[in-house]
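[1] Next come a sequence and a model predicted from it.
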Amino acid sequence: MTQTFSRIDQLSQFTGRSVTVRGWVSHLRSSGKVAFIVMRDGSGLLQCVLVKKQMPEEDWARFAALTLEASIAVTGEVRGDDRAPGGYELGVSALEIVGASPLDYPIQPKEHGVDFLLDNRHLWLRSPKQVAIARVRHEVEQAIHDFFYDRGFVHVDTPILTAAIGERSGLFQTEYFDEGTAYLAQTGQLYGEAAAAAFGRIYTFGPTFRAEKSKTRRHLTEFWMIEPEMAWYDEAMNEELQEQFVSYLVERCLTRRAAELKELARDVSKLATVKPPFPRIPYTEAVEILRKKGSAIKWGDDLGAEDEALLVADYDRPVFVCNYPKDTKAFYMKENPADPRTVLCADLLAHEGYGEMIGGSQREDDHDKLVARIKHEGLPLDAYDWYLDLRKYGTFVHAGFGLGLERTVAWICGVPHIRECIAFPRMMHRVRP
RNA sequence: UCCCGAGUAGCUCAGGGGUAGAGCAGGCGACUGUUAAUCGCCGGGUCGGGGGUUCAAAUCCCUCCUCGGGAGCCA
């Protein structure tokens, strides 16, 4: 005889019928001859009601042995009840303990400190808020693939072990056979540019690594980044794509992950306004605005975190800050013909103070200017021979950007720290679990 | 690397010279509709490490360690 099992999110179809559900205990309550189990199976929460005289004695006795996070199989009749979370509950006729859980389960239904929770991240993942964040993240990832698939982009996977150095920030190193030192990739962009010449429009989506000793709520040492690269796009087209893209991601979460955003107590009115066009503030203008607001920033300085927050405070959607000074930005960005002190680039700053979500630019497509920039930065020219070939053999106007997945998820969820937006965060003081 | 802050029960924290505290969790008991149930009783400690001041230090001083937040770097 084959026993069939039901998933909690399907139970409304089985009202009045007896089903068996398997999952884990998340809450226990008893008041003498009536007892309640709230269980979780990954698809939802289910309240199970046990009445002593309505079930076999040995099954009733098992309740006394039940503990938080034990795995169980519960059989009973599905019925609607307003007192039950989710509107449906199970009138239990049989209870089986599949896997016991000792009494020292670390995460109790109460307040805990973040450090303690991160030490127990493998168990913390089971908590409702964490489940909601993970589902929003999944929705964003799926939406990213859908958005680009629908626009004819090809998804290209770029290497994690690399010899070339993309930018100047910290790199993780490892020995690589007889080839010397290899680095963990901190961007797939240079490879993306090569692929753009093969497919026209591509995007990469993978982990990137930064060996910076960052200690802020916006930084991880390992994070996921999506990097589109488009042939024949200039910076204006690049920014239009970005605002459509970000708006689409938000829209998808608002329509399909409303329950999760509610669980997270996210003020969705702050997201409903996220629609194109986004404001565009040239860097030079941004400096003037900031100085009027009391910042000590001078032309040529990069924007500090406080400056970014000041600048974005007046808007109800993300803001582009464009055309930064050349010296504050990476070597591959194209010089601005209208003002050669600056480059054709834009950072997209999330509103509500979540900071830089996207960094993008038009790429330098002039071979000789690119060589000059690499030399000027003091970077090893021979490491970039293949990258320079892209300008040697049929150079082309192109642009692209990088979007930080965890920052985007944190912003959409309204979660203050991005470490909760990845299953197992990697930070300066944390490589386990 | 710099600037703040914190380390006390399994967890979250209070106590700031004179017998080590609370809530939750745990144990026992009561309760037929609970929502982080409630009520009664019980057990639970190297006060981060080391040194110093003092009759007396969790408390004051010095030092080290660990962690968190912010800055910088950037997504």
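    Now that the structure is in, tell me what you want to look at. In this text, all values refer to a predicted model and were calculated from it rather than measured experimentally.

[2] Output the below-cut-off pLDDT ranges for the stretch 251-400 of chain A.
    Within the stretch 251-400 of chain A, no stretch has pLDDT under 70.

[3] how about the residues of it near RNA strand B?
    Within the stretch 251-400 of chain A, the positions lying close to RNA strand B (Cβ under 7 Å from any atom of the strand) are A:Asp302, A:Gly304, A:Ala305, A:Glu306, A:Thr328, A:Ala330, A:Asp347, A:Gly355, A:Glu356, A:Met357, A:Ile358, A:Gly359. To be clear about C-beta, it is placed using only N, CA and C from the backbone, and glycine gets the same treatment.

[4] In three-state terms, how would the nearest residue to the fifth one once chain neighbours are set aside be classified?
    Read it as A:Thr328. With Cβ to Cβ, 6 or more residues apart in numbering as the criterion, A:Thr328 has its nearest non-adjacent residue at 4.5 Å, and that residue is A:Asp302. Three-state assignment for A:Asp302 (DSSP: H, G, I helix; E, B strand; the rest coil): coil.

[5] for the helix or strand A:Phe223 falls within, packing partners?
    If you go by DSSP states H and E, A:Phe223 is part of strand A:222-231. Packing partners of strand A:222-231 (3 or more Cβ pairs under 8 Å, 6 or more residues apart in numbering; DSSP states H and E): helix A:189-199, strand A:201-209, helix A:235-256, strand A:398-404, helix A:405-413.

[6] make it 10 Å
    helix A:128-150, helix A:189-199, strand A:201-209, helix A:235-256, strand A:355-362, strand A:398-404, helix A:405-413 (3 or more Cβ pairs under 10 Å, 6 or more residues apart in numbering; DSSP states H and E).

[7] Show me what the third one pairs with in its sheet, parallel or antiparallel.
    Looking back up the chat, that one is strand A:201-209. Note on strand A:201-209: by DSSP bridges, its sheet partners are strand A:154-155 (parallel), strand A:222-231 (antiparallel).

[8] okay, those strands, which one's buried deepest?
    Greatest average neighbour count among the strands paired with strand A:201-209 goes to strand A:222-231 (a mean of 23), per mean count of other Cβ atoms under 10 Å.

[9] pull the CA atoms of that one into PDB?
    Extracted C-alpha coordinates of strand A:222-231, given in PDB (Å, rounded to 0.1, in the frame of the first residue of the first chain):
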ATOM      1  CA  GLU A 222      31.400  36.700  -1.400                       C
ATOM      2  CA  PHE A 223      28.400  38.000  -3.100                       C
ATOM      3  CA  TRP A 224      26.400  37.400  -6.300                       C
ATOM      4  CA  MET A 225      26.500  39.800  -9.100                       C
ATOM      5  CA  ILE A 226      24.700  40.100 -12.400                       C
ATOM      6  CA  GLU A 227      26.600  41.800 -15.200                       C
ATOM      7  CA  PRO A 228      24.900  42.500 -18.500                       C
ATOM      8  CA  GLU A 229      27.100  43.700 -21.400                       C
ATOM      9  CA  MET A 230      25.600  45.000 -24.600                       C
ATOM     10  CA  ALA A 231      27.200  45.600 -28.000                       C
END
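
[10] near RNA strand B at all, that strand?
    Yes - judged by Cβ under 7 Å from any atom of the strand, strand A:222-231 and RNA strand B are in contact via A:Phe223, A:Met225.

[11] related to what we said a few turns ago, please name whichever of the strands paired with strand A:201-209 is nearest to A:Ala94.
    strand A:222-231 (43.6 Å; Cβ to Cβ).

[12] Leaving out chain neighbours, which residue sits closest to A:Cys345?
    Counting by Cβ to Cβ, 6+ apart, A:Cys345 lies nearest to A:Ser361, which is 3.6 Å off, once chain neighbours are set aside.

[13] What values do phi and psi take at A:Met428?
    A:Met428 adopts backbone torsions of phi -50, psi -40, taken as degrees, to the nearest 10.

[14] out of everything not next to it in sequence, what's closest to it?
    A:Lys213 (5.4 Å).

[15] Do a quick rundown of the helices in chain A.
    All helices of chain A, identified by DSSP state H, fall at A:57-64, A:114-119, A:121-124, A:128-150, A:189-199, A:235-256, A:258-263, A:269-272, A:283-292, A:305-312, A:367-376, A:385-392, A:405-413.

[16] that older thread, save the strands paired with strand A:201-209 as TSV, and put in mean pLDDT too.
    Output for these, formatted as TSV (pLDDT from 0 to 100):
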stretch	mean pLDDT
strand A:154-155	98
strand A:222-231	96
